[in-house]
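**Q** what would the 3D arrangement of this be:
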Amino acid sequence: MLFWISVKRYQGLLLALLLAAFQAGCGAYGTGNTGGNGSAPAAPTGFTAAAANAQVNLTWTASSGATSYYLKRSTTSGAEIQIAALSATTYADNSVTNGTKYFYVVSAYNSYGQSANSAEASATPVASRPPVAPTGLAAIAGNAQVALTWNATTGDTSYHVKRSTTNGSGYTQIAAPTAANYTDTGLTNGTTYYYVVSALNSAGESANSSQATATPANAAADVTITIDPTKTKPISPYIYGTNFYSGNTSPQPNFTFDRDGGNRWTAYNWVNNGSNAGSDYFYENDNYLCNGSCNASIPAEAVRTFIAADHAAGLASLVTFQMQGYVSVDTTNIQVPMPFPNLTYFRPLVSKKSSASNAPFTLTPPPASTDNNVYMDEFAWALDQRFSGLNIFGSNPAHPTFISLDNEPDLWNSTHQEIQGATNVSSANFITKTVALSKALKDLKVPYPAQFSNVVIFGPVNYGFNGIYGWQNDPTLSPTPNGADWFADKYLTGIKAASATYGAPLLDVYDFHWYSEATDGTTRVINMTGSSLTDAQVQAIVQSPRSLWDTTFKEDSWIANNVLGGPIYILGRLQAKIAAENPGMKLSITEYENGGFNHIAGTIAQADNLGIFGSEALFAANFWPPSGTYSYTLAGFRAYRDFDGAGSNFGDTSLQSTSTDVASVVVYASTDSNVPGRVVFVAINRSNAAKVTAINGQALSGTAHLYQMTAASAQGQNPVQPVSMGTMAASGSSLTITLPAYSVTTIDVR
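**A** So this is what the prediction gives:
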């Protein structure tokens, strides 16, 4: 059977090298020109800031050679921080408050670096006239209630919601919300209600909006969700993760976990902080990982600064330890010449120092002329020393650090031919490498019990399905869809045998990457990046997370159609294999994407992913930020993290939930061990019609606070985030709610 690498991954031709730095996926991290003959652009000139109503309009003169600009803002002169990265020389800042003075600077950027800041400009937005009437007023009827939403208008500070039982007249104000939504409760079922909304600011009140109408009714549910509170799973705090946290678009959601990963780390040399991104960037040895951000002369400084930044942000860390066998010998921007492999430009790795040297661990390893080896257990020891007393690899650190055994080894012969060559490492040899490095790291707890008593190791870090299934066509494997000869089977069996000999588990987490291969029949979902999508594209995106778990769902992809001949349910398959060989081993997905980055479909898919990660008890997960903008995807995190803007999060215990129509509606349920009686749901409607949804089975007491994201509510938001939809009473063991089409609703019952 023929297997292949997805187009995103495979770069076999020299022409592809010129494009690789702009492609999505793992290899994108660490790309960029750090050599050559050129210079950073000059600081932009002609920078002006013009105040408008709830807006500041900024313009500047283009800098010669610049490819992009970093716009920075503050309410204090001289303290500006970045708010946008763009290629244009104009920007309308709509995230401002009338009456507040804002200070701005802008810098220019190209592949050689960033310019100094421009001269500072300032402006104070002010409302000069009453706002225009709100548009897009919509009314959705529920049981004894009507949910209203409308489009916010520029300069609004609040709204007047007005209601009547007479068509076109007799409106009486019933509420004055500050958000562009309101739920009118306590209504009489069967009565038709008419609504208008006006907007207010300091200059006055707008005219009324167009009228919307709805008739509340105790309608039969379209979808029934059944919660079983006796079937629970703990939700790991590490599923709300990202790759390279500091590089994400700001403002970021409330992430919990950060990964230091990507192709550049495979040949990273901790002794001198040199690295080589392989096919992602001209097979060049350089100091990109420390260029301008840390002191490359200090061993392991590129990783230490990463962990330290995570600590400052309150995140746990996952760092990459090298296992291929060779790391960059220097940092001098040398493009390693062919033929490959060309090991002249690299130093060999040794997992355990005592196997090759009698010298003790040191924070200042000798030069290659004295000892050419680079020792990996010494690397772990050095990191621990750099965080003295914090026991980052030990038991219960405030911010734990976990170890990943390299990155996407099933593609080394493609991504790192400079050290691997054209023939990939065999699955058997890879398992041998894994055991050797895992033993060396686990052995550290003998002389250093406090520091390494709980070191957590991730592997094999497969790039995707074909690595998990057949190790990219390893001839020693003969996998079948439902057989036990996948690479994952061989790997788990090998780890089990080595762990039995060692006397303790050598691998703690089975880790893989998952860039969805689902399509609409033509286009892969991760390539659906625009703000305008067809219905077929939307459905391909919002249904794609089901391939993680659903035994009844068959996506349209080469995996489901040509290899497995049916549903993928990759988590269930791997969990069964782990249970058979290594009970207790955890599961993680440290890179993933599902597309829809600039559409409500991306919000729905990401919210679905996070719900699945919790309900399937994954240990960790890290979203891979694509190039370009992806605010809608980050919004999926906000359905679970700080959804009310006041720090409220999804619970820490998952409750089993089933749906009578999972293709349309799914609800993830949780309880909070810190707040007895609190229940939080995330309800997802991935259909193009509103769905009356009954949530049954979980005892509820108190008030349900509703926060929602729809295509309409997200329009004009930056960042895209939930909006308050008011409250409703919650009692007994049933709650019925109407979910708008293509929506994510967080329901916090407390």
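
**Q** please count neighbours and contacts with C-alpha atoms only from this point.
**A** Fine.

**Q** all strands of the stretch 1-150 of the chain, in order?
**A** 45-52, 55-61, 68-74, 81-86, 90-93, 102-110, 113-114, 121-123, 135-142, 145-151 (DSSP state E, counting those that start in this stretch).

**Q** just so I know, which of the ones you listed lies nearest His399?
**A** His399 lies closest to strand 81-86 among the strands of the stretch 1-150 of the chain, at 25.9 Å (Cα to Cα).

**Q** what's around the nearest residue to Asn181 once chain neighbours are set aside, how many residues?
**A** Excluding the flanking residues, the one nearest Asn181 by Cα to Cα, 6 or more residues apart in numbering is Thr149, at 4.3 Å. Here the number of neighbours of Thr149 (other Cα atoms under 10 Å) works out to 22.

**Q** right, and Thr149 touches Asp184 too?
**A** No: here Thr149 does not reach Asp184: they are 11.1 Å apart, not a contact under Cα atoms under 8 Å.

**Q** coming back round to it: minimum distance to Leu363: which of the strands of the stretch 1-150 of the chain has it?
**A** When the strands of the stretch 1-150 of the chain are ranked by proximity to Leu363 (Cα to Cα), strand 113-114 comes first, at 30.7 Å.

**Q** distance of Ile589 relative to Val538?
**A** 23 Å (Cα to Cα, to the nearest Å).

**Q** what about dumping the CA coordinates of stretch 74-83 to CSV?
**A** Backbone C-alpha positions of stretch 74-83 (Å, rounded to 0.1, in the frame of the first residue of the first chain) are rendered in CSV as follows:
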residue,chain,number,x,y,z
SER,A,74,0.4,52.5,25.9
THR,A,75,-1.6,54.9,28.1
THR,A,76,1.8,56.1,29.5
SER,A,77,4.4,57.9,27.4
GLY,A,78,7.4,55.8,26.6
ALA,A,79,5.9,52.5,27.8
GLU,A,80,4.4,51.2,24.5
ILE,A,81,3.9,47.5,23.9
GLN,A,82,3.0,45.7,20.7
ILE,A,83,-0.6,45.5,19.7
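
**Q** same question for that stretch, mean pLDDT?
**A** Averaged over stretch 74-83, pLDDT sits at 95.

**Q** re the thing from before, more crowded one of Ile589 and Val538?
**A** Val538 (27 against 24).

**Q** ok, now which ones touch that one?
**A** Applying Cα atoms under 8 Å, 6 or more residues apart in numbering to Val538 gives the contacts 596, 601.

**Q** now do the SS call for it.
**A** Of the three states, Val538 takes helix according to DSSP: H, G, I helix; E, B strand; the rest coil.

**Q** for the chain, give me the ranges with low pLDDT.
**A** 1-37, 128 (pLDDT under 70).

**Q** which strand in it runs the most residues?
**A** Across the chain, the longest stretch assigned as strand under DSSP state E is strand 691-710.

**Q** residues touching the closest residue to Ser328 other than its chain neighbours, list them.
**A** For Ser328, ignoring the flanking residues on the chain, the nearest one in space by Cα to Cα, 6+ apart is Phe346 at 4.6 Å. Going by Cα under 8 Å, 6+ apart, Phe346 touches 326-330, 419.

**Q** just among the residues you listed, which is most surrounded?
**A** Highest count within these by other Cα under 10 Å belongs to Val327, 29 neighbours.

**Q** you'd agree that one is in a strand?
**A** Yes: assessed with three-state DSSP, Val327 lies in a strand.

**Q** what is it paired to in the beta sheet?
**A** Counting by DSSP bridges, Val327 forms beta bridges with Arg347.

**Q** confirm for me that it is in contact with Gly278.
**A** No: using Cα under 8 Å as the test, Val327 is too far from Gly278 to be in contact (11.3 Å).
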